[in-house]
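**Q** model the structure of this input:
(one chain, ligands or ions: 1)
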Amino acid sequence: YGTTGVNKNGNLEIGGVDSVQLTKEFGTPLYVYDVALMRERARSFKQAFEEQNIKAQVAYASKAFSTIAMIQLAEEEGLSLDVVSGGELYTALVAGFPVERIHFHGNNKSREELEMALDQEIGCIVVDNFFELELLKTISIEKNAHVNILLRITPGIEAHTHDYILTGQEDSKFGFDLQNGQAEDALKMALEVENFEVLGLHCHIGSQIFETTGFLLAAKKIVEKMEVWKHKLSFEAKVLNLGGGFGIRYTKEDEPLQPSQYVSEIIREVKKLTESYSLKMPEIWIEPGRSLVGDAGITLYKVGSSKEVPGVRKYLAVDGGMSDNIRPALYQAKYEAVLANKPLTKADKTVSIAGKCCESGDMLIWDLPLPETNEEDILAVFCTGAYGYSMANNYNRIPRPAVVFVENGTATLVVKRETFADLIQHDLPLK
Ligand code: LLP
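**A** Have a look, this model is predicted:
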């Protein structure tokens, strides 16, 4: 994974920094991010467009991991930014992210959130439904504000991934349906609003997708409609946003494509389709989250208690769990892990890694091959960079871990560890 390796002390090294040393300095559990790998991923997405001279925006879907430092890194790499709530927008603004490159998503943006977006003059709002269309129209008139919008389309695609992260299928809470005329009605309405500039169309078909078929099919369905709408409504989309969802390799079984492969196939298809309909080639926007940060993140835990169920299995508990990584409990997500202090020692046992929360379902990894362990050991779980910290919670009043960025042998604390005092800071006494 990225710049991880084994150093001369025999410890796992990330970004030129000794992982065991990191746990001594910053404690456990600890999220560690390999900055070089995140930069590499960002560059490969961007380059894939640049090489073919395609106008594009690569928007980092900040829901995957939103902190000030991360957003600043996205800005350094020339990415745009996808936010889905007032909180993510606020984080981006505090990070100093250029407002014109912020795109605002969400299926139930509140009046306050939309007002905030208009006041800040952010780059575009991805309008999800009729309610929002009306609300945004009202607010834009009240504020006499001009606003760029994309319409979120549900293209009716079934991507092969976990049911909970499927989003492009017809029966979805997101977007205007393409098949039943909703999308066309929405477009007609939007085109009549003077304060709106309808830049184009958006869809997002799902997450952790390993093939391009779904993206190409979605592009086909939308471009076919673009041709209809050009003649019927004199509307030519300047932007076609195909969302995120590019898969990463959590375990050996996962076989994602490279960023450049996803992008080049998408470009080829959109070019072919638009040419065949004599449409102008639109800008292509994408919104990768997981594939920019997922495999750059590693979580370090201290090994604790263990329990043997004779003849069945051995449980080994760590000092975190579903509070810092809810993905195994929520999606049966699989991870790989090694002992950070002896990554090369032969694994001669099989243990199941338990979290410390009071839930039987709080299991991080089932049946992991590991060597003999003791309380000195540090477990490094790979590929936790996306939807780990961002979905972390305080269940059982467990403080959220710290986050450290490592690059070229230097570690930088970018999120402080929560304290017990932080946990009760908003609590008020009974009287
Ligand atoms: N754009 C839109 C409109 C989205 O809804 C999402 C993710 C993305 C982009 C980024 O998708 P990505 O490239 O990260 O796959 N918590 C789940 C994933 C939920 C994804 C929700 N939407 C998980 O941990 O697997």
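
**Q** Ser260 touches Ser44, doesn't it?
**A** Yes. With contact defined as CB atoms under 8 Å, Ser260 counts as touching Ser44 (5.6 Å). In short, each C-beta sits where N, CA and C put it, glycine included.

**Q** who's more crowded, the two?
**A** Ser44 (17 against 14; other CB atoms under 10 Å).

**Q** the more buried one belongs to a helix?
**A** Yes. If the criterion is DSSP: H, G, I helix; E, B strand; the rest coil, then Ser44 is within a helix.

**Q** how much space is there between the closest residue to it other than its chain neighbours and the ligand?
**A** Of all residues not flanking Ser44 in the chain, Pro259 sits nearest, at 4.5 Å (CB to CB, 6 or more residues apart in numbering). Noted for Pro259: a distance of 11 Å to the ligand, by CB to the nearest ligand atom, to the nearest Å.

**Q** so what's the residue count around Pro259?
**A** 23.

**Q** give me the pLDDT for it.
**A** Reading off the confidence values, Pro259 has pLDDT 96.

**Q** could you pick out the residues of the stretch 301-431 of the chain near the ligand for me?
**A** 327, 331, 386-387 (CB under 6 Å from any ligand atom).

**Q** hmm, try it at 8 Å
**A** Contacts of the stretch 301-431 of the chain with the ligand, taken as CB under 8 Å from any ligand atom, map to 327, 330-331, 333, 386-387, 390-391.

**Q** can I see the domain layout of this structure?
**A** 5-33+294-423, 35-290 (automatic domain parsing).

**Q** how long is the first one end to end?
**A** Distance between the two ends of domain 5-33+294-423: 36 Å, counting by CA to CA, to the nearest Å.

**Q** then the longest one?
**A** Taking CA to CA, the first and last residues of domain 35-290 lie 14 Å apart.

**Q** that older thread, filter the residues of the stretch 301-431 of the chain next to the ligand to the buried ones?
**A** 327, 331, 333, 386-387, 390-391 (16 or more other CB atoms under 10 Å).

**Q** take those and keep only those in helices.
**A** Counting by DSSP state H, the part of these found in helices is 327, 331.

**Q** CSV for the buried ones among the residues of the stretch 301-431 of the chain next to the ligand, including pLDDT?
**A** Below are those laid out as CSV (pLDDT from 0 to 100):
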residue, pLDDT
Arg327, 98
Tyr331, 96
Ala333, 98
Ala386, 98
Tyr387, 98
Ser390, 98
Met391, 98
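
**Q** how about the strands in the stretch 201-350 of the chain?
**A** Assigned strands in the stretch 201-350 of the chain, in chain order: 239-241, 283-286, 297-309, 313-318, 337-339, 349-354 (criterion: DSSP state E, counting those that start in this stretch).

**Q** who does the first one touch, helix- and strand-wise?
**A** If you count contacts as 3 or more CB pairs under 8 Å, 6 or more residues apart in numbering; DSSP states H and E, strand 239-241 packs onto strand 196-202, helix 213-233, strand 283-286.
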